[in-house]
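Engineer: What follows is a predicted protein model with its sequence.
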Amino acid sequence: MNLAIHPSVGIARLGNSLTDICLSPVTIGGLPFDADINRNPSQPITDFKDKLGRIKRQGQPFTVVTDTGEEITLDHPNVTSIEWTVHLANKKAAWYQYSELQGNLLYGPQNSYQNQQISFRNPEKKSEHERQTLIIDPGPRTISGRKNSIGFDKTNVPAGYPAQYPPEKVQFGVAVTTLGDLLTDSSGRLIVLGGYGNAGGNLPLTSYGGSSTWHDDISDGAVYCTVTFTDGSSVSLTAWVVVGSPDFAPEIVNISTLSDTMFDVAVRNFDLVPDMYSNGNYNPNYQANYQRDILPIINRIGRYQWVSNVQSMMAFTSNIFDFTDNSEANWHNRQNYLSYFRRNDAQPPVPPALPQEQLFKENGTDIFPMMPLNSGSNSVSNTNIMKFLALDQTQLFLMQQWANGYFVNNPDYDKYPVDSSDMASVGNCVGLPMCPGIEVTWSLQNPIIYAAPYRILQYGNEQQYAANGLTPSRDECEGGGCEPGDLTKRMACPWQADFFQCTIQLINFTDPSTNKAGSPAAPLPPTYYSYWWPPQSPWDVLVGEFTADGQAATNVPAGQQMNYARGINSFTQMVSYWYALGFIRDINSNSTGFPFFVETERNNEIFTYDNVPISQISGNKEDNETTIPVFYIEEDTQVIKKRSEKGRLLMEHLEEVGFKKIEVAGERMPLPRSGTRNRR
Amino acid sequence: MQNLLETNVLIVGGGPAGASAALSLLKYSNLNVIIVEESDLASVKVGEQVNSSIFGLLEYMGIGRDDFTQDNFILGYSSTAAWGSERISVRDSIFNTETESFQLNREEFDYTLLEKVSEKGGIIFPRTKCLQFDQKDDNSWDVDLKHDTKGHFAVHADYLIDATGRSGSVGRKLGLESTRYDELTAIGKFLYCKESQHVKQDIVIESIEDGWWYCATLPNQKMTLTFFTDASIIKEKRLEKIENWNELLSKTTHIQHKITAAYSVGKPWVKNAFSQVTDILSRKNFLAVGDAVASFDPISSMGIGFAITSACNAAKAIIDANLGYEKTFTSYQENINAIYHQYLQTKAFFYQKEQRWSNSAFWRKRI
């Protein structure tokens, strides 16, 4: 009997609720689940936030499954015990500054961090020993039995382990004191919970990569499991877990997910689907399946509209012809469609073939953006430019097979030889673009970090870690495998910095060799308004407040598309108020066919709004009649409380008295006239 | 018409002028009063200096000193100015206002007045906008209103009072003529100090070549810092840009020192501060009070006091007119004009004390 832990790479997510949790989705684009009293998934999540408006931490359940698909729990008659150990760590502060694609060894050894002279975060710490102190390494935690729990805080460090925690006092934000918790459910399954979204440091945040002195409570690390049977035998298994920021639109899927990335790596390097790819070549006769390989890509492009304004992608995915028709008569339609998909740049790119630097497909005087219309993995710096997004190689190959007519349209397709929960966990993460991304980054495109398809290769073991601690500057992309903290160490520190700044990029589309110019460097005009990963960090959302009282709080009618992060106007505010953002949810999900995604659960009470007349800027009274809604967080919270309490009570009292008079005097209120002064 | 409320007097604007007019009417007559206020009563207001004569006015409206909590009026608040010289002096010695002056907590003050109006039977609608004013043949008014969440309703009133402040938005909609004497504009920011910092409670005024700076401490570790200049100078120097605004701030000595420990966020806000007087006589059964009828340069510290006196006079004009006396509105306007004439002389007198930049665009036209 062969056993394995699934998912092979689990994804937990931060939340600031001290009381409530939810459990990770089990399908790509699925909702997380409410947890019942036994810590089992009960139903699709009802509320993403607790009663106090704080985001629930999303725990990742891990299960032990036989190769025939049978789950092994403590309830199994032949099982004596199941013991889980997880080692979470955060190496961000000890790693290099995020410098786009510099340091990515897929571009060759000359692109290593040293050769590119990339500086470390916290460069004043010089020696390896000093740099090791920058790692948040609480050591491993072990849990077994039913409904137990243990935290990654200081009080539970295993005896003798050289644990490291960041400073307890910070000037900005909140100091990190734990990386999360382990739970077991009523059947002895593991649930990994990440941190509370705390981040703190002493220097102001100025860039999307974060600043020195900062730490956050993102983490990743190894998951170990030992199953002991009644006959005395035992089996030891491993997996990995990554803690990401909240998925604010879980039902909207990235066009190229992290599952697509792992699939692409496995197909081209691990013989995952030999019929599709072997000996360095794709098989030109491979039969794609429309339902499995093509439709998801088209659907994801089409659903971008709910979190961004990319009208051309909507037009591109409407039913312009029968995508399922594999006949010769439809050949030209399919080939034409394929011609709009950008091809991949080489790594490093070799001029003059630079498909990812091309924005438009031109046809005579006609132009249309190439697909997907999204930023590539480096539209920021001038080294290793990759301006616009292309699907990964295997996705593009399957599109090619479809265009060439090598496909069937059969909903009962053969699944690829990957466990569905292994695909689902990482399938809800960003796969492209990686700049750096939000959960993990381009190191996951490198086959050298994998032991097998979808399985991370581990460097060292717990005995070594206990003796020496974790390594601060070893680059796992040179080989040998990953330590806890390696998958997330390249990400922004804190993650909120990237989350605040990176939803939109203005990308120059005329000069393939330049993203930015001038001093201070700015996107070289002309530019195109492009998105990074709106399914994880939405930008344009429909406000879903359908009550009059609610709308008084939002200052926006339902159905208006608004900026998602409105009111959060600085890095520091994102560090403090990320949890106030809404969740984008399909509120028509039980009716088949068409979704209706709206923003829900935004903490409106945190934000103040004003309708600012244009005249305030122009000084011209004539401009009084047009106003612009402005959202912000009142800085002095004391003032808010004092004023709003008294002012609000007085207002409510006066309105009550006044409208009682009207009720007595009149009939029902007529409906408001249409129209608004607010322009966006 | 649906949802129609009848009243004797409709007052547009719930600030000190509107509330004072309501209080006077409620005390000295049996007329019904409705106040319509556009805001939700939550906007930040900058405190003002008032002198002890305000207590006489409040008493006239039936409000005693006991009706206010202690922090409504802060006595002995220091007010200094560097005006006419680099040296800083006590402001009263320059502008010779009355001796005992108080710093008024405007938020508390405004709330207290509105509470009193409500207690005495006045009806107040916050978050309500006036959409349209129609005057009928008998000179009474039909006004269409819209509340933010409750929607449309209407009021029929015998008399209409504009208490909307400097915007004078009712008079403007009715097409009344105003005479404007300057284009003074305020461009300012709120500043914040950390809890731990001790901030001296005072007001500092300092003139520079392009206008004058005003910095006042507010409750809760807050300060307001405002530059008064001409709209044309704001436009020309692009003062709405924080770096340009800061550059002018760097020309001060005392103000700069005062704000070293404070921090601020965002772009400056811009507000009108021009001197203007409006002629209300072209409309019957209509009055404007406070800034809506006459607005003053803030250097004169006349805003609140005038708001209340003009409101009391307006209430008297309506009460008398209702009793059948004639020309009460005409004498109201004449009184306003006389006050304004006096004010213009006082204003010139103040500005003439600053002769250091007699060639600059700002000071030239004022001295």
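Structural biologist: Yes, it's here.

Engineer: what about residue A:559, how many neighbours?
Structural biologist: 11 (other Cβ atoms under 10 Å in any protein chain shown). Where you see a C-beta, it was placed from the backbone N, CA and C, and this is true even at glycine.

Engineer: From residue A:546, how far out is it?
Structural biologist: Separation of residue A:559 from residue A:546 (Cβ to Cβ, to the nearest Å) stands at 9 Å.

Engineer: Kindly report the same for residue A:160.
Structural biologist: In this view, residue A:160 and residue A:546 are 58 Å apart by Cβ to Cβ.

Engineer: what does residue A:561 give?
Structural biologist: For residue A:561, the distance to residue A:546 - Cβ to Cβ - is 16 Å.

Engineer: more crowded one of those two?
Structural biologist: Taking other Cβ under 10 Å, residue A:561 and residue A:546 do not tie; residue A:561 has more neighbours (16 against 12).

Engineer: what sits against that one?
Structural biologist: Going by Cβ atoms under 8 Å, 6 or more residues apart in numbering or on different chains, residue A:561 touches A:309, A:540, A:541, A:542, A:543, A:680.

Engineer: swap in residue A:556?
Structural biologist: With Cβ under 8 Å, 6+ apart, residue A:556 has these contacts: A:543, A:545, A:562, A:629.

Engineer: distance of the nearest residue to the first one once chain neighbours are set aside from residue A:584?
Structural biologist: So that's residue A:543. Nearest non-adjacent residue to residue A:543, counting by Cβ to Cβ, 6 or more residues apart in numbering or on different chains: residue A:556, 4.6 Å away. Here residue A:556 is placed at a distance of 15 Å from residue A:584 (Cβ to Cβ).

Engineer: now swap in residue A:359 and tell me
Structural biologist: Noted for residue A:359: a distance of 27 Å to residue A:584, by Cβ to Cβ.

Engineer: Pick out whichever of these two has more residues nearby.
Structural biologist: When residue A:359 and residue A:584 are compared for neighbours, residue A:584 comes out ahead with 25 against 21, by other Cβ under 10 Å.

Engineer: Just name the closest of the contacts of residue A:556 to chain B, please.
Structural biologist: Comparing those against chain B with Cβ to the nearest Cβ places residue A:545 closest, at 12.3 Å.

Engineer: which non-adjacent residue is nearest residue 29?
Structural biologist: Assuming you mean chain A. Of all residues not flanking residue A:29 in the chain, residue A:253 sits nearest, at 4.4 Å (Cβ to Cβ, 6+ apart).

Engineer: right idea, wrong chain: chain B
Structural biologist: residue B:319 (4.6 Å).

Engineer: And residue A:261, by the same measure?
Structural biologist: With sequence-adjacent residues excluded and distances taken as Cβ to Cβ, 6+ apart, residue A:261 is closest to residue A:431, at 4.1 Å.

Engineer: what do you get for residue A:87?
Structural biologist: Residue nearest to residue A:87 in three dimensions, not counting chain neighbours: residue A:140, with 4.0 Å by Cβ to Cβ, 6+ apart.

Engineer: And residue A:513, by the same measure?
Structural biologist: Excluding its sequence neighbours, the residue lying closest to residue A:513 (Cβ to Cβ, 6+ apart) is residue A:385, at 7.0 Å.

Engineer: swap in residue B:81?
Structural biologist: Closest to residue B:81 by Cβ to Cβ, 6+ apart is residue B:205, at 3.9 Å.

Engineer: For the one you found, name its beta-bridge partners.
Structural biologist: Counting by DSSP bridges, residue B:205 is bridged to residue B:81, residue B:214.

Engineer: Give me the sheet partners of the helix or strand residue B:159 falls within and which way each runs.
Structural biologist: Counting by DSSP states H and E, the element that carries residue B:159 is strand B:151-162. Strand pairing for strand B:151-162, using DSSP bridges, gives strand B:4-12 (parallel), strand B:141-147 (antiparallel), strand B:286-288 (parallel).

Engineer: List the buried residues for the next helix or strand after the longest one?
Structural biologist: Past strand B:4-12, further along toward the C-terminus, the next helix or strand under DSSP H and E is helix B:16-28. The neighbour-count criterion (16 or more other Cβ atoms under 10 Å in any protein chain shown) identifies B:16, B:17, B:18, B:19, B:20, B:21, B:22, B:23, B:24, B:25, B:26, B:28 as the buried residues of helix B:16-28.

Engineer: Could you do stretch A:333-341 as well?
Structural biologist: Across stretch A:333-341, burial judged by 16+ other Cβ under 10 Å covers A:334, A:337, A:338, A:340, A:341.

Engineer: So the residue of chain B found nearest chain A versus residue B:34, what's the distance?
Structural biologist: Residue of chain B nearest chain A, by Cβ to the nearest Cβ: residue B:3 (3.6 Å). Going from residue B:3 to residue B:34 by Cβ to Cβ gives 13 Å.

Engineer: Of those two, which one has the most company?
Structural biologist: Using other Cβ under 10 Å, the more surrounded residue of residue B:3 and residue B:34 is residue B:34, with 24 against 20.

Engineer: Double-check that that one belongs to a strand.
Structural biologist: Yes: according to DSSP: H, G, I helix; E, B strand; the rest coil, the state of residue B:34 is that of a strand.

Engineer: Show me what it is bridged to.
Structural biologist: Under the criterion used (DSSP bridges), residue B:34 bridges to residue B:10, residue B:123.

Engineer: ok, it - contacts?
Structural biologist: Residue B:34 neighbours (Cβ under 8 Å, 6+ apart): A:658, B:5, B:7, B:9, B:10, B:11, B:122, B:123, B:124, B:125, B:155, B:157.

Engineer: Alongside chain A, which residues does the stretch 151-300 of chain B contribute?
Structural biologist: Within the stretch 151-300 of chain B, the positions near chain A by Cβ under 8 Å from any Cβ of the partner chain are B:151-153, B:167, B:185, B:192, B:220-222, B:231, B:234-235, B:240, B:265-266, B:269-271.
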